[in-house]
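*Asks:* Sequence plus the predicted model coming up.
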Amino acid sequence: MSTALIIIASVFSTSLISGVIGMAGGMILMVVLVALLSVPTAMVVHGAVQATANGSRAYFLRAHISWQVLPRYLVGALAAVATFWVIAWLPPPEVVLLLIGVFPWLALLLPKNSPVVITNHSSQYACGALVTGAQLIAGASGPLLDLFYVNSELDRRAIVATKAITQTLGHLLKLGFYAHLYGLAEEISPLLIGIALLASISATRVGTLVLARVSNAHFKTASQALILALGTLCIANAMRAWL
């Protein structure tokens, strides 16, 4: 019962965070799930919850989605799935944590004049491949996805909405990938998953309402500070596990 309550509370709070800043929630949730469940089960539960949360966020903000990103992103994403289907590698929890933690710092090191921007056609292919690959390895990929948006001229609602639709696709692919290789989650009841999905939708709705009241400047500052703090914490936990 305590594990179930932790999962539901984590789903609600992380979906709320992602609803406001468009990322970080999935990263936090993955850390919690890996601590409570086996990696295959954590990946399946995370995929179901995040596909639902991102899908509902994309629906709530559908008027702001930059649809021209989607076709090339999907091509890259499918290429990543095909690659990982061949190697079928399951990372240990320490690797998952380390990868999640490193991604935010990669975004910080990206130069301001970098051609890596989501409105660039070649970047859309690369984004789909790299972000989906990160989802398959680490479960969460928000900080890596942000690499392609940090220099974008899209406003906060377009950024959150476009991230949401591409992340929905990525998490659905991850869910199918892990469910096919390892089966559906047996450590967690269908009822709990259903409650978690409802919690993710309700929290996402609240988050999108808060987003409407946040300025673009505050949005970028707060999201970067939060994601770097979480990244550092993940790296520290991964290194402690190895030592």
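*Replies:* Done, it's in. This structure is a prediction, so every number in the text was calculated from the model and none was measured.
*Asks:* Tell me where the protein has helices.
*Replies:* 2-21, 25-36, 39-60, 70-87, 93-109, 121-138, 142-146, 156-182, 190-211, 216-242 (DSSP state H).
*Asks:* closest to Pro115 out of those?
*Replies:* Closest approach to Pro115 among these (C-beta to C-beta): helix 121-138, 7.0 Å. C-beta: built from backbone N, CA, C; applies to glycine.
*Asks:* can you give me the mean pLDDT across that closest one?
*Replies:* Mean pLDDT, helix 121-138: 88.
*Asks:* Likewise for stretch 29-41?
*Replies:* Mean predicted confidence for stretch 29-41 is 84.
*Asks:* With stretch 182-192 instead?
*Replies:* Computed over stretch 182-192, the mean pLDDT rounds to 73.
*Asks:* Could you shift the numbering so residue one becomes 114, and keep it that way?
*Replies:* In the new numbering, first residue 114, that becomes stretch 295-305.
*Asks:* Mean neighbour count and distance to Pro228 added to the helices of the chain, as a markdown table?
*Replies:* Listed next are the helices of the chain as a markdown table, based on neighbours: other C-beta atoms under 10 Å; distance: least, C-beta to C-beta, whole Å:
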| stretch | mean neighbour count | distance to Pro228 |
| --- | --- | --- |
| helix 115-134 | 20 | 25 |
| helix 138-149 | 24 | 26 |
| helix 152-173 | 24 | 26 |
| helix 183-200 | 16 | 15 |
| helix 206-222 | 20 | 15 |
| helix 234-251 | 22 | 7 |
| helix 255-259 | 27 | 16 |
| helix 269-295 | 22 | 18 |
| helix 303-324 | 18 | 28 |
| helix 329-355 | 16 | 20 |
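*Asks:* ok, now which ones touch the closest residue in space to Asn329 that isn't next to it in sequence?
*Replies:* Of all residues not flanking Asn329 in the chain, Arg269 sits nearest, at 5.0 Å (C-beta to C-beta, 6 or more residues apart in numbering). Residues counted as contacts of Arg269 (C-beta atoms under 8 Å, 6 or more residues apart in numbering) are 135, 324, 327-329, 332-333.
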